[in-house]
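Enquirer: starting from these lines, generate the structure:
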Amino acid sequence: MHGIIAATAALALGFALASGAATATVAPTRTAQEQPADPAEYAAKLVQEAFDETGRNRTGAAQAKLELAFHSSGFAQLPANLRYRALLVACMIAYQDGQGDKAHELAERATSFDEADDRAWMIRLSSAFDIKNYPDAAQSVIVMAQRWPARLADVYAPAIMQLHRELTRAQHTGADRDMLDALFEAGWRNEDVEPSGLWRDLALLHVEHHDIARATAVALRIDSAQTALSMRVDKRFDAITAGHRQAFDVDRLIASEIAAADQLKPVTDLQGLLLLTRQYARVLSISDAAIEHSAQGDGSTTYTDFSDRYNWILDNRSRALTRLGRFDEAVRVEVLAARRPEHGAMNVSQLINLANLQAELQRPDKAAGVIVELGQMSPYGRMQLESVRLKIAIVAKDKAATDHAMAYLRTHRADAIATWQDALLLDGDLDAAAALLIERLEKPAWRNDALVAMQHYAEITETPLERLTHDRWNTITARVDVQTAMQKVGRVETFGITTALQ
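Expert: This next block holds a predicted model:
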């Protein structure tokens, strides 16, 4: 639970709600003889007793009394403010106890009152997200953005991104557009950075509704070079980019991003930009201080986000070493990254990255040893794991294992279509790879990523498997049928940066 809330404490209701108190003894149901004759008096008494129980951290007892009150004939006769407060406390208790469906139902009732404030709407947003009611979560985001935009700081930015993806996947286009519009009007930013990818997607939604003026206004807030690149090569954005070439100048934007990162952004963000521009020595140098503090044991006291960020400092350092051809050093650094926990649990991300690097270097036994035991992961993460298994099998010339990995990747290709593209290239099925690329170009939801992948980028030092995949990619992108499909929807340019994944 609490998958979307960045600061659960912000939901405090002035009561000491203990999440573990749900095991408190539940008060017995009153008998008819114990109930006051006046139904409203009886409901009010139950509500007050529930508030008292909550103040003593006996949330289980409080929840039971509130349920009695809600089902009593007198509850509807209580003053609106009291009914709202009762529902607010009830939905908070249910939410804290992990009762997602119940919390959402109560939050919907609470937010129907004129008295409903940001606390009730925040619970409605979070519970809707938890139970995967994404349209209602979007509506809650809209209300928060319009009434209490400052509270959006208490919502995890990655959860907003996931909500956008889920709405897109389910084709809830109207809800998605309204939510993104509300965020745009509220001036929402991701850790003080423009969410350029969201603004690109919002601009496209307005283009599709032939509102070029609104689309342009949204797009001009984009300040990411990678996002600008993705728009320049996609003909759907021509009505915006053609008249604002300076705004979508990739070289200018990435120079501005690097300059700003030197002063304001976290080191990991700057490392990512330097990797794009092949400034590998700088990637190493700016990570030296963090590594030194880690060695001295004062990393967590020097950096407030050390536990969450340090593994990515190492991961980016490993990428830089790989591009410098210092493969063994890259592996040693990725081993250090993989040993660190991720959000307090097994570091699945860096373990997969480490196994992938070993597989790319054609060391199947070492790669296989890394992924022996991995915990739960997202569908996208599972696709990356199966991609690593495919590489191991291909290098080891294990046909049965290759077929097994390909079967999984084929069945779940929609979870990471670009990963399936690479799998076909690795497996040597170039006709199928070309057909898939054409399909991606023809399908609007997959088109932009396919166009971005087809651009010409700066050369880099590649691992053996990367070189194999790259050569086969060049073969299929040069095919007449692929070029014909590409020219209908986009264009290919040459850029002096690498791709985000390199």
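
Enquirer: give me the mean pLDDT for stretch 175-188.
Expert: The average pLDDT within stretch 175-188 is 97.

Enquirer: ok, now which ones touch residue 451?
Expert: Going by Cβ atoms under 8 Å, 6 or more residues apart in numbering, residue 451 touches 230, 233-234, 441, 486, 489-490. C-beta: built from backbone N, CA, C; applies to glycine.

Enquirer: what's in contact with stretch 358-373?
Expert: Contacts for stretch 358-373 (Cβ under 8 Å, 6+ apart): 327, 331, 338, 351-352, 354-356, 385, 388-389, 391-393, 395-396, 463-466.

Enquirer: among the contacts of residue 451, name the ones in strands.
Expert: With strands defined by DSSP state E, no entry of the contacts of residue 451 lies inside them.

Enquirer: show the buried residues in these.
Expert: Buried members of the contacts of residue 451, counted by 16 or more other Cβ atoms under 10 Å: 230, 233-234, 441, 486, 489-490.

Enquirer: roughly how far apart are the residue nearest to the spatial centre of the chain and residue 437?
Expert: Central residue of the chain (Cα atoms, centre = their mean): residue 158, 3.6 Å from the mean position. Residue 158 sits 29 Å away from residue 437, going by Cβ to Cβ, to the nearest Å.

Enquirer: and what of residue 309?
Expert: For residue 309, the distance to residue 437 - Cβ to Cβ - is 35 Å.

Enquirer: neighbour count for the two, which is higher?
Expert: Using other Cβ atoms under 10 Å as the criterion, residue 309 and residue 437 rank with residue 437 on top: 25 against 17.

Enquirer: residue 492 touches residue 453, doesn't it?
Expert: No. Residue 492 is beyond contact range of residue 453, at 10.5 Å (criterion: Cβ atoms under 8 Å).

Enquirer: so for those two, which residue has more residues nearby?
Expert: Remark: of residue 492 and residue 453, residue 453 carries more neighbours, 17 against 13, as counted by other Cβ under 10 Å.

Enquirer: now that one, what's its secondary structure?
Expert: helix (DSSP: H, G, I helix; E, B strand; the rest coil).

Enquirer: how near is residue 253 to residue 340?
Expert: From residue 253 across to residue 340, the span is 32 Å (Cβ to Cβ).

Enquirer: more neighbours: which of the two?
Expert: Comparing residue 253 with residue 340 by other Cβ under 10 Å, the one with more neighbours is residue 253, at 21 against 17.

Enquirer: against which helices or strands is the helix or strand hosting that one packed?
Expert: In this structure, residue 253 is located in helix 250-263 according to DSSP states H and E. The contact analysis (3 or more Cβ pairs under 8 Å, 6 or more residues apart in numbering; DSSP states H and E) places helix 250-263 against helix 225-232, helix 267-276.

Enquirer: now the helices for the stretch 201-350 of the chain?
Expert: 212-219, 225-232, 238-241, 250-263, 267-276, 280-296, 299-302, 306-323, 327-339, 348-360 (DSSP state H, counting those that start in this stretch).

Enquirer: need the contact partners of stretch 254-271.
Expert: Contacts to stretch 254-271, defined as Cβ under 8 Å, 6+ apart, come from residues 192-193, 223-225, 273-274, 276-277, 283, 286-287, 290, 305, 309, 312-313, 316-317, 320, 497.

Enquirer: if you set the cut-off to 7 Å instead, what comes out?
Expert: 225, 273, 276-277, 283, 286-287, 290, 309, 312-313, 316, 497 (Cβ atoms under 7 Å, 6 or more residues apart in numbering).

Enquirer: that one: end-to-end distance?
Expert: For stretch 254-271, the first and last residues are 13 Å from each other (Cα to Cα, to the nearest Å).

Enquirer: that stretch: which residues count as buried?
Expert: Neighbour-count burial for stretch 254-271 [16+ other Cβ under 10 Å]: 254, 257-258, 261, 265-271.

Enquirer: dump those residues to TSV, plus pLDDT.
Expert: As requested, those are exported to TSV (pLDDT from 0 to 100):
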residue	pLDDT
254	93
257	87
258	85
261	67
265	56
266	75
267	83
268	86
269	85
270	87
271	90
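
Enquirer: what's the burial count for the residue nearest to residue 355 when sequence neighbours are not counted?
Expert: Leaving aside its chain neighbours, residue 355 sits nearest to residue 370 (4.0 Å; criterion: Cβ to Cβ, 6 or more residues apart in numbering). If you count neighbours by other Cβ under 10 Å, residue 370 ends up with 23.

Enquirer: what do you get for residue 403?
Expert: Around residue 403 there are 12 other residues, counting by other Cβ under 10 Å.

Enquirer: tell me if it really is in a helix.
Expert: Yes. Under three-state DSSP, residue 403 falls within a helix.

Enquirer: how many neighbouring residues does residue 350 have?
Expert: Going by other Cβ under 10 Å, the residues that sit close to residue 350 add up to 23.

Enquirer: for the residue nearest to the centre of the chain, what is the enclosing helix or strand?
Expert: According to DSSP H and E, residue 158 maps onto helix 157-169.

Enquirer: tell me the spacing between residue 225 and residue 231.
Expert: In terms of Cβ to Cβ, residue 225 sits 11 Å off from residue 231.

Enquirer: and residue 313, by the same measure?
Expert: The gap separating residue 313 from residue 231 is 30 Å, by Cβ to Cβ.

Enquirer: among the helices and strands packed on helix 250-263, show the one with the smallest mean pLDDT.
Expert: Mean pLDDT values for the helices and strands packed on helix 250-263 show the minimum at helix 267-276, a mean of 89.

Enquirer: correct me, but residue 39 touches residue 71?
Expert: No. Contact between residue 39 and residue 71 fails when scored by Cβ atoms under 7 Å: they sit 11.4 Å apart.

Enquirer: more neighbours: those two, which one.
Expert: Legend: neighbour count by other Cβ under 10 Å for residue 39 and residue 71, higher for residue 39 (16 against 10).

Enquirer: which residues does the closest residue to that one other than its chain neighbours contact?
Expert: Among residues not flanking residue 39 along the chain, residue 74 sits closest, at 3.0 Å (Cβ to Cβ, 6+ apart). Residues in contact with residue 74, defined by Cβ under 7 Å, 6+ apart, are 39-40, 42-43.

Enquirer: neighbour-wise, which of the residues you listed leads?
Expert: The most crowded member of those, judged by other Cβ under 10 Å, is residue 43 (25 neighbours).

Enquirer: which non-adjacent residue is nearest that one?
Expert: Residue 43's closest residue in space is residue 74 (Cβ to Cβ, 6+ apart), at 3.7 Å.

Enquirer: same check, this time on residue 419
Expert: Counting by Cβ to Cβ, 6+ apart, residue 419 lies nearest to residue 383, which is 4.7 Å off, once chain neighbours are set aside.

Enquirer: how many other residues sit next to residue 354?
Expert: 27.

Enquirer: er, residue 359 I mean
Expert: When neighbours are defined as other Cβ under 10 Å, residue 359 has 27 of them.

Enquirer: let me know the pLDDT of it.
Expert: 96.

Enquirer: now residue 2
Expert: pLDDT at residue 2 comes out at 47.

Enquirer: just to revisit the earlier point, any idea which of the contacts of stretch 254-271 the model trusts least?
Expert: residue 309 (82).

Enquirer: who are the neighbours in contact with that residue?
Expert: By Cβ under 7 Å, 6+ apart, residue 309 lies in contact with 266, 268, 303.

Enquirer: residue 57: what secondary structure?
Expert: Assignment for residue 57 (three-state DSSP): coil.

Enquirer: domains of this structure?
Expert: Per the record, the chain has its domains at 8-133, 266-340, 351-415, 433-502, by automatic domain parsing.

Enquirer: just put those in a markdown table and tack on distance to residue 197.
Expert: Listed next are the domains of the chain as a markdown table, based on distance: least, Cβ to Cβ, whole Å:
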| stretch | distance to residue 197 |
| --- | --- |
| domain 8-133 | 19 |
| domain 266-340 | 14 |
| domain 351-415 | 16 |
| domain 433-502 | 10 |
